[in-house]
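# Here is my input; please provide its structure:
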Amino acid sequence: MKAPEPRRTLPRLPDRFAAAGAVLIALVVLAALFAPWLAPYPVDEPKPLEALLPPSGEHWFGTDQVGRDVFTRVLYGGRTSLGIAVAVLAASALVGVTLGMIAGYAGGWLRDVIMRITDIFLAFPALLLSLALAVVLQPSVTTVIVAIAVTWWPWYARLAASVAASVANRPYVDAARCLGVPAPLIVARHVLPNSLTPVLVQVSLDAGGVILTAAALSYLGLGAHEPTAEWGLMVEQGQTLFTTNWWVVTFPGLAIVLTAFAFNVLGEGLRNALDPRRVVR
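Purely as a prediction, here's the structure:
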């Protein structure tokens, strides 16, 4: 009787939903980057005589209350919303991973201090704390970035600390210590590179949440303001027209939902693909 073949631990390729999410994200990013060339009209040029025109061959997504082309503003709004997400995630990951690496590798009282600080931030609901900070600061895109980043970094600190503590006990790290390699060099060369995979997966999962939170702050008047094109602000400006001029709020709302959904399915696909516990025969 033939013995069964040993099971191999191999990464699983992302499923079709993750691939579709990646394609959609690529399209959104490209549309945002090339907005100045793709947009058929100036982003902030009001035309009162063309206000609230329905979607047509001339204006694909119609026009808003002051006659601006909605399709153009959705393209430019993608630049703002994606820019906020990139800035928030970069700042949160930089601060959180740095503190998490220190806590996970050093351990002891230093880990306890850093983790207790993260606990203080995590004790407050993220959206509520972001709202409080945004109220204190002057409404702007910068305010949105700061308010969200302040509430987002503790998650990365906890994740990085957990992974770094596991990596720090591996034999090759112990060997580096025995050879007298300085601790910062060990963290930079061994601990950090082997801890980045779960962080990158979490970043992809969080991108959609950041976009939704930024849109919520702008919707409440605490983020971007005129004449900035931003999806949440566009939804707020068109909410009263939904029953009569549905296109003003529908298209930026769809942009928010589809982009957030695409990031979520991509993150799930990456997590499945990079999960070392998944096995194939």
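
# ok, residue 234 touching residue 77?
Yes - in this structure residue 234 lies within contact range of residue 77 using C-beta atoms under 8 Å: 6.0 Å. Any C-beta I mention is one placed from the backbone N, CA and C, and that applies to glycine too.

# Overlap of the contact sets of those two?
Listed contacts common to residue 234 and residue 77 are residue 252; contacts here mean C-beta atoms under 8 Å, 6 or more residues apart in numbering.

# Next up, phi/psi of the nearest residue to residue 82 once chain neighbours are set aside, please.
Nearest residue to residue 82, sequence neighbours excluded (C-beta to C-beta, 6 or more residues apart in numbering): residue 32, at 5.3 Å. Main-chain dihedrals, residue 32, degrees, to the nearest 10: phi -70, psi -40.

# Could you do residue 69 as well?
Here the main-chain torsion angles of residue 69 (degrees, to the nearest 10) amount to phi -70, psi 120.

# who's in contact with it?
For residue 69, the residues meeting the contact criterion (C-beta under 8 Å, 6+ apart) are 39, 40, 41, 59, 61, 63.

# Residue 44 too?
Residues in contact with residue 44 (C-beta under 8 Å, 6+ apart) are 68, 227, 229.

# So residue 31 sits against residue 72, correct?
No - the pair residue 31 and residue 72 does not pass the contact test of C-beta under 8 Å, sitting 11.2 Å apart.

# Those two: which has the busier surroundings?
Comparing residue 31 with residue 72 by neighbour count (other C-beta atoms under 10 Å), the higher total belongs to residue 72, at 24 against 18.

# element containing the more buried one?
helix 70-106 (DSSP states H and E).

# Nearest to residue 271 among the contacts of residue 44?
Taking C-beta to C-beta as the measure, residue 271 sits nearest to residue 229 out of the contacts of residue 44, at 32.6 Å.

# Pretty sure that closest one sits in a helix.
No - the assignment for residue 229 is coil, going by DSSP: H, G, I helix; E, B strand; the rest coil, so no helix is present there.

# How about the contacts made by it?
Contacts for residue 229 (C-beta under 8 Å, 6+ apart) come out as 43, 44, 73, 74, 76, 77, 79, 80.

# Point out where the stretch 151-281 of the chain drops to low pLDDT.
Within the stretch 151-281 of the chain, the segments meeting pLDDT under 70 span 275-281.
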